[in-house]
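Asker: 3D model of this:
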Amino acid sequence: GENEAGLVITNYRLPWFDNKIPQDLNYALEKQLDFFVGHYTKEEKDSFYKYVIEHIPEFRQLPDDIKRRIFESPSYTISMVAVKHAVFNINDFEGKILAENEMDIIKRFARVFDQAYTRFLDLQKAEAQAREAQIEAALERVRSRTMAMQSSSELGTVAAELFAQMNQLVTNLWTCGFVLCEKNRDEDEWWLSMDGDFTRGFFLPNIGDYAHATLYEGWLNGDALRAVQLDGETLQQHYDWLMEIPVSRAIFEEMDAAGLVRPDWQKLHAAYFSKGYLVLITREPCGEEEIFKRFAQVFDQTYTRFLDLQKAETQAREARIEVALERTRTQSMLMKHSVEIKSISNVFHEQLLHLGIPTEFSYVWLPDEANQSHQFWASWSENEVGKDILQSKQVTYPLDKTEAYTAACFAAWANPDVILEEFIPPSDIAGFFGVWQELLAGDKKLKAEFFPEGIYYSEAYMRYGCFGINIRRKLSAEEKHILKRFSKEFERAYT
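Answerer: Numbering: from 1, shown residues only. Model prediction:
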């Protein structure tokens, strides 16, 4: 910088090289010489300044008249005063030596500076200790929240806490998240922080884009940290690539609608853990990369906890499913006559509700092509005086394969491994319940006016027909699998 008097002040790093001048500077500091004067020939001086002008940017910026004076000077003298942390130099290009009183002034200034610099180091150490305490406190909050996780569904909440803590430590984050990777998979699962919450996981390719490919490569290689800086044309190419992917295009459109401006410079930092990496995007250079690595280590503990909870939940869920299936098996073993399908249908419906599948009504479809008929057994729940009562009814219809719903059933029956799932839109809901009118007669809630948003039906096929449910939403993959298992149980019971 430059002060009010026009004095230019700069700092630079002097690399070690084979020259008498830096050797004398180092000697004066090592020996803590009270005073030392170095006299150098024009050749030694010129060699020194040619090197530093070539290798040190600050010296290359010297005005031409000063450079000319340096190299035209026939001699060079440096007066040096060493203190604990520095060497004070007075350069002279005319061969003059400081007078004794001038030396004394330099010594006194050097001692005062040494006191000031010692104070600076003490403050720097105290600030570093305070910063370390702040970082460790933030990490401990994340660890504590991790250990408090009771459900795998809390992963997003814990991740939000992690990035809230990181935002308090790093002020220039644009966005952040975590990315889950797998070997031999050309896409990664991304979770991004949005308005203090997290987007549900979505997939982005790790091929076709330099930044994403580089970050994925770092995970494969077992790196601790990687960073990719993007600006200008490379950043625009990155944005163009993302806009070609529907899920990322939708996120950008949401950001645009919210008035959030995309940065014209960004740096993607990947701090790796065992299953992927934390991704932290800054809009300016960031010197906190060591913090990123420490948070990645803590998140590794978080994700391990998540996997443990997920495994325990899966095992508990499977146990509940097995209990539900066992109850249906027990009821099947008690069946003595075909008319007792009613009790089996009721148990199936009840167990689906116990498993958290909110079926409005469940049914069994049993076609009899030889007799040109098909039989339906339906079960549902009615609330009477605060208590759910299971209801069931059976109806046999003439078989008409030209009727649209029946034709769809037979087409699905030809591919029994596939779960048929169809949505009845609001415009067709009255006709849908009209088809079921006789079977559901007398029920108060199973009417078209109670389903203004439409309804889904899902059917799992087996040897004798299908087991199906009507529900207000789509089934998850796990729920479809459960429906298939119930269908197989009914097949065994009916056999």
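
Asker: and the strand or helix carrying residue 249, what does it pack against?
Answerer: Assigned by DSSP states H and E, residue 249 belongs to helix 246-257. When contacts are defined as 3 or more Cβ pairs under 8 Å, 6 or more residues apart in numbering; DSSP states H and E, helix 246-257 sits against strand 202-205, helix 232-243. Backbone N, C-alpha and C define where each C-beta goes, glycine included.

Asker: roughly how far is it from the heart of the chain?
Answerer: Computed by Cα atoms, centre = their mean, to the nearest Å, the separation of helix 246-257 from the middle of its chain amounts to 17 Å.

Asker: show me what secondary structure element comes after that helix.
Answerer: strand 265-273.

Asker: can you list the low-confidence ranges for this structure?
Answerer: The chain contains residues with pLDDT under 70 at 1-9, 194-198, 332-340.

Asker: what is the longest helix anywhere in it packed up against?
Answerer: Ranked by residue count and defined by DSSP state H, the top helix of the chain is helix 100-147. When contacts are defined as 3+ Cβ pairs under 8 Å, 6+ apart, helix 100-147 packs onto strand 76-82, strand 87-92, helix 155-169, helix 289-334.

Asker: helices or strands next to the third one in the packing?
Answerer: Of the remaining helices and strands, those touching helix 155-169 by 3+ Cβ pairs under 8 Å, 6+ apart are helix 100-147, strand 173-180, strand 187-194, strand 197-198, helix 289-334.

Asker: mind putting those into a markdown table with distance to residue 30 and mean neighbour count?
Answerer: Output for the helices and strands packed on helix 155-169, formatted as a markdown table (distance: least, Cβ to Cβ, whole Å; neighbours: other Cβ atoms under 10 Å):
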| stretch | distance to residue 30 | mean neighbour count |
| --- | --- | --- |
| helix 100-147 | 16 | 13 |
| strand 173-180 | 44 | 20 |
| strand 187-194 | 51 | 19 |
| strand 197-198 | 56 | 15 |
| helix 289-334 | 31 | 16 |
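
Asker: residue 455: neighbouring residues, count only.
Answerer: Neighbour count for residue 455, taken as other Cβ atoms under 10 Å: 22.

Asker: pretty sure it contacts residue 432?
Answerer: Yes: counting by Cβ atoms under 8 Å, residue 455 touches residue 432, with 7.1 Å between them.

Asker: intersection of neighbour lists for those two?
Answerer: With contacts taken as Cβ atoms under 8 Å, 6 or more residues apart in numbering, residue 455 and residue 432 have residue 424 as neighbours in common.

Asker: parallel or antiparallel, which strands does the strand or helix carrying residue 363 pair with?
Answerer: Assigned by DSSP H and E, residue 363 belongs to strand 361-368. With DSSP bridges as the test, strand 361-368 is paired with strand 373-384 (antiparallel), strand 465-471 (antiparallel).

Asker: with just CA atoms, put the helix or strand that the first one is followed by into CSV.
Answerer: With elements assigned by DSSP H and E, the helix or strand that comes after strand 373-384 is strand 387-398. Provided in CSV are the C-alpha atoms of strand 387-398 (Å, rounded to 0.1, in the frame of the first residue of the first chain):
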residue,chain,number,x,y,z
LYS,A,387,-64.7,-47.5,16.7
ASP,A,388,-63.6,-48.9,13.4
ILE,A,389,-65.8,-51.8,12.2
LEU,A,390,-64.7,-54.1,9.4
GLN,A,391,-67.3,-54.6,6.7
SER,A,392,-67.2,-57.1,3.8
LYS,A,393,-69.4,-58.0,0.9
GLN,A,394,-69.3,-60.4,-2.1
VAL,A,395,-70.9,-59.9,-5.5
THR,A,396,-70.7,-62.2,-8.6
TYR,A,397,-71.0,-60.4,-11.9
PRO,A,398,-71.5,-61.8,-15.4
